Structure formats: structure tokens, C-alpha cells
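Visitor: take this sequence and fold it.
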Amino acid sequence: MLVEVRRLVEEPFSYVLAYPRPESAVLEARMRQLRELGITHIEFCGRKAIGKLKVLGKGHVGIVLAARTGEGLKVALKVRRVDADRTSLSHEAEMLELANSVGVGPKLIAHTDDFIVMEFIEGPHLPDWLSSRPGREQVREVLRKLFLKCWRLDRIGLDHGELSRAHSHVLVQPKGPGPPEPRILDFESASRDRRPSNLTSICQYVFIRLSGLVAPLIRIPGREELIAALRAYKAKMGEEELARVLEVCGLAKHI
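Guide: Okay, here's the model as predicted:
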């Protein structure tokens with residue numbers, strides 16, 4: 001369902017624009033911000049729901065919607081919840097911009113205190129993609145790319161914070177005839193104030209939490225060997241340590 005932005009002050013759309021308390025003053029302020037950002041339409045679609053309205057995502061901090069700009073560009077729009085534990089999305093936008101600097105995350109387009117406009121990414125979540133039984137080489141390539149992206153985040157000291165339970169945070173984006181591209185989403189818990197653990201977290205997630213999906217597709221590394229490689233990696237996070245982790249996981253290739 002495609003709805004013009006001007007209708008977001010009406011029910012039931014207002015509930016999404018200022019969830020969960022759509023007061024008039026808040027709605028007016030947010031409508032001004034949307035106009036400044038050039039958002040003209042909201043497309044209610046996705047796997048989550050608020051009432052009868054479909055949305056892309058719903059979390060403790062915000063609601064994620066599909067939207068369109070005046071130029072017709074389809075984007076993802078994160079809307080800060082009125083009852084969020086923060087007064088602005090600026091920190092999340094800063095963390096996403098930092099991730100973008102090493103080629104990770106949806107591209108940040110613009111932001112205000114209450115909204116983040118970013119690249120719209122389509123594709124199944126990683127567990128769903130694995131459930132579709134892709135080929136062995138595709139699985140190896142997607143996981144290798146995912147691990148490399150986590151390494152890049154580690155190298156700049158940015159910890160995602162949610163990759164040990166990444167069910168909703170990794171999409172596998174189709175790329176035409178080539179192998180699909182893993183995309184890491186949602187940097188609302190990201191921080192540079194703690195030691196990064198992106199690669200170790202995603203390894204544990206993939207080979208422990210998703211082992212039932214991964215094992216029929218590729219070899220699961222031995223537990224002790226993987227722990228030793230990750231322990232060495234945590235100490236230095238260098239290319240040699242990364243290469244050893246990839247080797248143990250059966251994903252070795254030129255870095």
C-alpha cells in the first residue's frame with residue numbers, strides 16, 4: 001500500500017509515524033522533517049506489522065518503513081519511537097556512516113533526530129537464505145564476504161553489538177548472475193566505546209546457532225580448532241589471524 005506523506009497525520013498511519021503515542025505536536029514536527037528529507041510517499045510492506053499496517057521492521061528504538069523520495073528513489077526510512085530510550089537517531093546515523101567508510105551497511109542518505117534515510121536493501125535474511133539450500137560455493141562465498149565485512153568493522157574499532165544473534169541483521173542481497181551479497185543492517189546498538197567482536201560473534205552465530213542449517217551445505221569447523229583461531233584473532237585482529245580463521249572455517253581465499 002503506497003500512501004502520500006500528507007496522509008500520515010491521519011489514522012491509522014499516524015500510529016506508525018509517532019509510535020506508540022501519535023500526539024499532534026509530535027506529528028507536526030515529524031511532518032516537517034519528512035518534507036526536509038524529501039520523502040513523499042510511504043509504502044506499507046514487509047514481514048512485521050503495526051496493527052494492520054505492514055512494516056519492514058519494528059524494534060525498541062524505531063520502526064523501519066519503505067519510502068519514496070520526490071525523485072522516485074525507493075529508500076528505507078527508520079522512524080524513532082516516541083518511547084525510545086534515546087532522544088535522537090544521530091548516534092546511529094554516525095555509526096552507520098562510519099560503517100559505510102569501509103563498505104559495510106546500507107548507504108546512509110540523510111538523517112534528522114527522528115529519521116534515518118538509507119539505501120533500501122532487498123533479500124532474504126541469512127537463516128531463510130540458508131534454508132533455501134543454495135549451492136556449496138555460493139554459501140562459502142557469502143560467508144567469506146560476511147566474515148570480511150565483520151573484520152573491516154573490527155579494524156576500525158566499531159562493534160555492531162548484535163551479531164551474536166543476527167537473525168534480523170544480515171540480509172543476502174541477490175546480485176544478478178553473480179553470487180549474492182551479504183549486507184549487515186541495523187547499527188542502533190553499535191559503538192566505538194567497547195572492544196569490537198564482530199567476527200567472533202558472527203562465527204559463533206553461523207557455526208553454532210545456525211549449525212543445523214549450515215551443516216548440510218558446508219563443513220562445520222571443529223570446535224577446539226575454531227576457538228583457538230578466534231582466540232588468536234581477538235588478540236591482534238590482523239590479516240594473518242583473519243586468514244587462519246577463514247582457513248579453519250573452510251572459507252580461505254585471497255583477502
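
Visitor: please make it C-alpha for all contacts and neighbour counts, starting now.
Guide: OK.

Visitor: residues near Cys249, how many?
Guide: 22 (other C-alpha atoms under 10 Å).

Visitor: likewise for Gln204?
Guide: For Gln204, the count of nearby residues is 18 (other C-alpha under 10 Å).

Visitor: and it, what's its pLDDT?
Guide: pLDDT for Gln204: 94.

Visitor: do the same with His254
Guide: 50.

Visitor: next one: Lys74
Guide: 98.

Visitor: for it, which non-adjacent residue is spatially closest?
Guide: Arg68 (4.6 Å; C-alpha to C-alpha, 6 or more residues apart in numbering).

Visitor: which parts of this protein are helices?
Guide: 13-17, 24-37, 90-100, 126-131, 136-155, 198-204, 211-214, 223-236, 239-248 (DSSP state H).

Visitor: in terms of secondary structure, what does the first one contact?
Guide: Based on contacts counted as 3 or more C-alpha pairs under 8 Å, 6 or more residues apart in numbering; DSSP states H and E, the elements that helix 13-17 packs against are helix 24-37.

Visitor: next one: the helix it packs on to chain centre, how far?
Guide: 25 Å (C-alpha atoms, centre = their mean, to the nearest Å).

Visitor: give me the buried positions along that helix.
Guide: Within helix 24-37, the residues that count as buried by 16 or more other C-alpha atoms under 10 Å are 27, 30-31, 33-34, 37.

Visitor: stretch 49-63 too?
Guide: Using 16+ other C-alpha under 10 Å as the test for burial, stretch 49-63 gives 49-50, 53-58, 61-63.

Visitor: stretch 179-192 too?
Guide: Going by neighbour count (16+ other C-alpha under 10 Å), the buried part of stretch 179-192 is 180-188, 190-191.

Visitor: how deep is Ala67 tucked in, by neighbour count?
Guide: Ala67 has 26 neighbouring residues, counting by other C-alpha under 10 Å.

Visitor: for it, give me its contacts.
Guide: Under the criterion of C-alpha atoms under 8 Å, 6 or more residues apart in numbering, the neighbours of Ala67 are 39-43, 74-77.

Visitor: quick check: closest non-adjacent residue to it.
Guide: That would be Ile42: by C-alpha to C-alpha, 6+ apart, it lies 4.3 Å from Ala67.

Visitor: separation between Arg136 and Gly250?
Guide: 11 Å (C-alpha to C-alpha, to the nearest Å).

Visitor: and the two? which has more neighbours close in?
Guide: Using other C-alpha under 10 Å, the more surrounded residue of Arg136 and Gly250 is Gly250, with 16 against 13.

Visitor: I figured the more buried one was touching Pro221, is that so?
Guide: Yes. Counting by C-alpha atoms under 8 Å, Gly250 does reach Pro221; the two are 7.5 Å apart.

Visitor: where do the contact lists of the two overlap?
Guide: Common contact partners of Gly250 and Pro221 (C-alpha under 8 Å, 6+ apart): none.

Visitor: still on that earlier bit, to Ala110, which of the helices of the chain lies closest?
Guide: With C-alpha to C-alpha, the closest approach to Ala110 among the helices of the chain belongs to helix 24-37: 7.0 Å.
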